[in-house]
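Novice: I would like to see how this sequence folds:
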Amino acid sequence: MKIVFDTYAWIEFFEGTEKGKVVGKYLENEEVLTPSIVLLELSYRADQERWDFKKFFSFIKSNSKVIGLNEEFILSFGGIYNQMKKKIKNISMADVVILHTATMNDAKVLTGDEHFKKTEMAIML
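Specialist: Numbering: from 1, shown residues only. Okay, here's the model as predicted:
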């Protein structure tokens, strides 16, 4: 099974929490995808928390497939984003990028973010 790790999942993993141990099992047993927007969010968080982001980034690149934006994604995104905004109040553009990445890759999203709770694609931590 393909699993898209969102920012929440990676943070739990790197902080070594109980939820992070669950994330680790997915990392060992599934094909993991990381949207590039997650890397941007992690970079921001790493700067705030003074984490060694280069180390985390290297680990992510070695243990997951980083997924960027392509033309098909961009052309279909606006409609998906508008649909999701109607269903889930206050969902962010980043969250919809993560969900759309999962849709386009026939994957589930590993997360603890409440915005994902109402989607059938979420595996909630």
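
Novice: contact partners of the one helix or strand in the chain whose mean pLDDT sits lowest?
Specialist: One helix or strand of the chain scores below all others by mean pLDDT, DSSP states H and E: helix 71-87, with a mean of 93. Outside helix 71-87, the residues within contact range by Cβ atoms under 8 Å, 6 or more residues apart in numbering are 91, 93, 95-97, 99-101, 103-104, 118. For glycine as for every other residue, the C-beta is placed from the backbone atoms N, C-alpha and C.

Novice: Could you dump those residues into JSON lines with distance to residue 19 and pLDDT added?
Specialist: Shown next, in JSON lines, are these (distance: Cβ to Cβ, whole Å; pLDDT from 0 to 100):
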{"residue": "91", "distance to residue 19": "21", "pLDDT": "92"}
{"residue": "93", "distance to residue 19": "25", "pLDDT": "94"}
{"residue": "95", "distance to residue 19": "18", "pLDDT": "94"}
{"residue": "96", "distance to residue 19": "23", "pLDDT": "95"}
{"residue": "97", "distance to residue 19": "22", "pLDDT": "96"}
{"residue": "99", "distance to residue 19": "20", "pLDDT": "94"}
{"residue": "100", "distance to residue 19": "24", "pLDDT": "95"}
{"residue": "101", "distance to residue 19": "21", "pLDDT": "97"}
{"residue": "103", "distance to residue 19": "24", "pLDDT": "94"}
{"residue": "104", "distance to residue 19": "26", "pLDDT": "95"}
{"residue": "118", "distance to residue 19": "20", "pLDDT": "82"}
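
Novice: Out of those, the closest to residue 49 would be?
Specialist: residue 95 (20.9 Å; Cβ to Cβ).

Novice: quick one: which helix or strand includes the closest one?
Specialist: helix 93-104 (DSSP states H and E).

Novice: Now do that helix against helix 71-87, angle only.
Specialist: 120 degrees (axes from the mean of the first three to the mean of the last three Cα atoms, to 10 degrees).

Novice: Would you check how far apart residue 120 and residue 55 are?
Specialist: Plainly put, residue 120 is 35 Å away from residue 55 if you go by Cβ to Cβ, to the nearest Å.

Novice: more crowded one of the two?
Specialist: residue 55 (11 against 5; other Cβ atoms under 10 Å).
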